[in-house]
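Undergrad: coords please:
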Amino acid sequence: TSYAKEFAVSMTGKSDLMPSTPIKLRDRSGKAIGYIVDYHCPDGSPSGYIVFDNSDDSLISEYSFEYGSSSPYSHALSFSSRSEEVDNFEAVKTSPFQYAAFNPISQLGIDSAGKSIDIPETYGLLRTDSWNDIFLGNVGDSRYSVITQNNIPEFIAVTSSQVEEQTQRYACGVSALLHCAIFYLPGQIPYNSFANEYRMLWTLSKTYTDHIENGITYGMTNYVDLGPALQQFLNSRGVIVGTDWKSFPTFSQYKTAIDTGNVAIYGCHINTPEGLKGHIMSVEGYAVLKNSSDKSFNTLLVADGWGANARYLNLNYGYSIAQGVFFSRI
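TA: Now for the predicted structure:
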């Protein structure tokens, strides 16, 4: 919602346009590909919309700020019968620039002109994403050129295999915290000997056991516990930082963090073949990229917690949940 608000202000200069709750956008298979956000004036009247679509290189498929206009999905939904529960409908992209409201329960599909449409019987059965889908590539990817970027002086990454070997445990949230701790305590946490620090961060972040496999304990961490954990850990080492927690954080918030000499954390949930899964990463930079079609878009430079390479995170992917944790030196 905050990104939609910033986009409206940058395009119209108006600060009174209010974005509605984002509606998740899916393709014809049921896979999440973005969001649709309607705008309203202070009096509640419609005043435009924006479609975030990660299947489009620009990440924004279309938008309008015309007074009285609403999204194609809202138009389609207005044609549903009174007997249909509005909450049961989902926004579906049926073809380029064509959208519909579809009720998976009743199998009713309506396009923006009020006509009934057919949705494949496989809808929802293929509603799966891969973690690789959320990245645009690695640093140096030849498919993109960098328009502008900023990052911390030295990329910090401890791989999952290193963590498992030294600690016999692994949690992505704790690994993200370890990366941040290494940044704020330069030279104090060796890459070949961090087991004690990892276990301390595990405890401070209230990370709990998810499962044990091949002698390795795998843990899960609640987003709300990440900031306080790093604060306590650094405070015990004589370093004081402030922390802030944001739901669906924006590119500008991360840009500010990096430009002021800090690191941050990004957490998200996607729909994998095994169900809804979450992952947490340290953010160590940002980059505005341009592809071969001269379309530019914003990315975050992250350590994914698995490998050693820096990756470009697609900030506008259709995440089910997205959380940001920001730190600032005091």
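Undergrad: how distant is stretch 279-298 from the center of its chain?
TA: Here the centre of stretch 279-298 is set off from its chain's centre by 12 Å, with CA atoms, centre = their mean, to the nearest Å.
Undergrad: please renumber the chain so that the first residue is 72 from this point on.
TA: From this message on, residue numbering opens at 72, which makes the last subject stretch 350-369.
Undergrad: next, the buried residues of that stretch.
TA: 350-358, 360, 367-369 (16 or more other CB atoms under 10 Å). Bear in mind the C-beta positions are built from the backbone N, C-alpha and C, glycine included.
Undergrad: could you dump stretch 167-179 to PDB, C-alpha only?
TA: Once non-C-alpha atoms are left out, stretch 167-179 reads as follows in PDB (Å, rounded to 0.1, in the frame of the first residue of the first chain):
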ATOM      1  CA  PRO A 167      -2.400  -9.100 -21.700                       C
ATOM      2  CA  PHE A 168      -4.400  -6.200 -20.300                       C
ATOM      3  CA  GLN A 169      -7.500  -8.300 -19.700                       C
ATOM      4  CA  TYR A 170      -8.700  -9.100 -16.200                       C
ATOM      5  CA  ALA A 171     -11.600 -11.000 -14.600                       C
ATOM      6  CA  ALA A 172     -13.100 -11.800 -11.200                       C
ATOM      7  CA  PHE A 173     -13.300 -15.500 -10.600                       C
ATOM      8  CA  ASN A 174     -15.000 -17.500  -7.800                       C
ATOM      9  CA  PRO A 175     -13.200 -20.800  -7.400                       C
ATOM     10  CA  ILE A 176     -16.100 -22.200  -5.300                       C
ATOM     11  CA  SER A 177     -18.900 -21.500  -7.800                       C
ATOM     12  CA  GLN A 178     -16.600 -21.600 -10.800                       C
ATOM     13  CA  LEU A 179     -18.100 -18.200 -11.900                       C
END
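Undergrad: list the buried ones in that stretch?
TA: Applying a neighbour-count criterion of 16+ other CB under 10 Å, one finds 170-174, 179 buried in stretch 167-179.
Undergrad: let's see which of the residues you listed end up in strands.
TA: 170-174, 179 (DSSP state E).
Undergrad: quick one: Phe78 from Gly395, how far?
TA: The gap separating Phe78 from Gly395 is 18 Å, by CB to CB, to the nearest Å.
Undergrad: same check, this time on Asn285
TA: The separation that Asn285 has from Gly395, given CB to CB, amounts to 33 Å.
Undergrad: more neighbours: which of these two?
TA: Using other CB atoms under 10 Å, the more surrounded residue of Asn285 and Gly395 is Gly395, with 24 against 6.
Undergrad: re earlier: which among the ones in strands among the buried residues of stretch 167-179 gets closest to Asp87?
TA: Of all those, Asp87 sits closest to Tyr170, with 26.4 Å by CB to CB.
Undergrad: wait, isn't that closest one in contact with Ile107?
TA: Yes: look at Tyr170 against Ile107 with CB atoms under 8 Å: they come within range, at 7.5 Å.
Undergrad: between the two, which contacts overlap?
TA: 96, 122, 142, 144, 162 (CB atoms under 8 Å, 6 or more residues apart in numbering).
Undergrad: confirm the first one sits in a strand?
TA: Going back to what we said before, that points to Leu96. Yes: if the criterion is DSSP: H, G, I helix; E, B strand; the rest coil, then Leu96 is within a strand.
Undergrad: nearest spatial neighbour of it, skipping sequence neighbours?
TA: Gly105 (4.4 Å; CB to CB, 6 or more residues apart in numbering).
Undergrad: can you map out the helices along the protein?
TA: For the chain, applying DSSP state H gives helices covering 73-83, 143-149, 231-238, 243-255, 266-275, 297-306, 322-330.
Undergrad: what about the fourth one, average pLDDT?
TA: Helix 243-255 shows a mean pLDDT of 98 in the predicted model.
Undergrad: with distance to Leu386 and mean neighbour count added, can I get the helices of the chain in JSON lines?
TA: Shown next, in JSON lines, are the helices of the chain (distance: least, CB to CB, whole Å; neighbours: other CB atoms under 10 Å):
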{"stretch": "helix 73-83", "distance to Leu386": "8", "mean neighbour count": "17"}
{"stretch": "helix 143-149", "distance to Leu386": "22", "mean neighbour count": "20"}
{"stretch": "helix 231-238", "distance to Leu386": "23", "mean neighbour count": "16"}
{"stretch": "helix 243-255", "distance to Leu386": "16", "mean neighbour count": "25"}
{"stretch": "helix 266-275", "distance to Leu386": "25", "mean neighbour count": "18"}
{"stretch": "helix 297-306", "distance to Leu386": "18", "mean neighbour count": "20"}
{"stretch": "helix 322-330", "distance to Leu386": "6", "mean neighbour count": "18"}
